[in-house]
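Asker: what's the 3D shape of this:
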Amino acid sequence: MRQLSTAIKNALKLDYIDSKDVVIITIPEQISPPLVETVLYFANGENIEIEGQKYENKLREISSIKFSTSSSPDNAEIVLENVSRELGFVLTDTTRVLDGSSAVIKRAIKIADGTYETEILFVGQIKDIKVDQQAINIALVSDMSKRGTKVAGRTVTQRCIFVFNKNGSGVG
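Answerer: Next up is the predicted model:
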């Protein structure tokens, strides 16, 4: 169970709260051709600054965040503005490999001192990108689906290795 900070709890008690959605995309360093790590910060509002980092007002929509209890992975989709097309060039550069690029979707809530504090909604990796002249649609898959992900010191697999309630005790 996640814990909200006291500042966010206090803000949520108010009649009106100012909240924004923000996304951080981290494209890892690439060896050949050599490209440095690129971190992109997007928000759905003007003049958003969180922990000293300014966010670009290019996040148009978080179209869905779907959590699944079945074997299919959790997924999300975000839509970024691409009217100037420069962002599309960054994300569709054929020399850059986007495999392993991570994305974090957060909700930023303005707290009493006028700054924003964030709560993570989704952590995942880029699965697919569709670019046109108006928008960039980015499909994300949960980072829990990544090979080698560990929970409680054990690697997550498609088959659960734990046996629950083995002796019928009703505990666990």
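
Asker: Please count neighbours and contacts with C-alpha atoms only from this point.
Answerer: OK.

Asker: Helix, strand or coil: sort out residue 10 for me.
Answerer: For residue 10, the secondary-structure state derived from DSSP: H, G, I helix; E, B strand; the rest coil is helix.

Asker: Could you count how many residues lie near it?
Answerer: The local packing count at residue 10 equals 12, with neighbours defined by other Cα atoms under 10 Å.

Asker: the strands in this protein, which residues?
Answerer: In the chain, the strands defined using DSSP state E lie at 19-27, 38-43, 48-50, 53-55, 59-66, 75-81, 102-110, 116-131, 135-142, 150-151, 154-155.

Asker: for the ones you listed, which one sits closest to residue 7?
Answerer: Residue 7 lies closest to strand 116-131 among these, at 8.0 Å (Cα to Cα).

Asker: Show me which residues of that closest one are buried.
Answerer: 116, 117, 118, 119, 122, 123, 124, 125, 126, 127, 129, 131 (16 or more other Cα atoms under 10 Å).

Asker: Was I right to think the fourth one contacts residue 50?
Answerer: This means residue 119. No - when contacts are counted by Cα atoms under 8 Å, residue 119 is not listed as touching residue 50 (11.9 Å).

Asker: Can you say which of the strands of the chain is nearest to residue 5?
Answerer: When those are ranked by proximity to residue 5, the top entry is strand 116-131, at 8.7 Å, counting by Cα to Cα.

Asker: circling back to that earlier point, nearest approach to residue 95 belongs to which of the strands of the chain?
Answerer: Proximity to residue 95, assessed across the strands of the chain by Cα to Cα, is greatest for strand 19-27 (12.7 Å).
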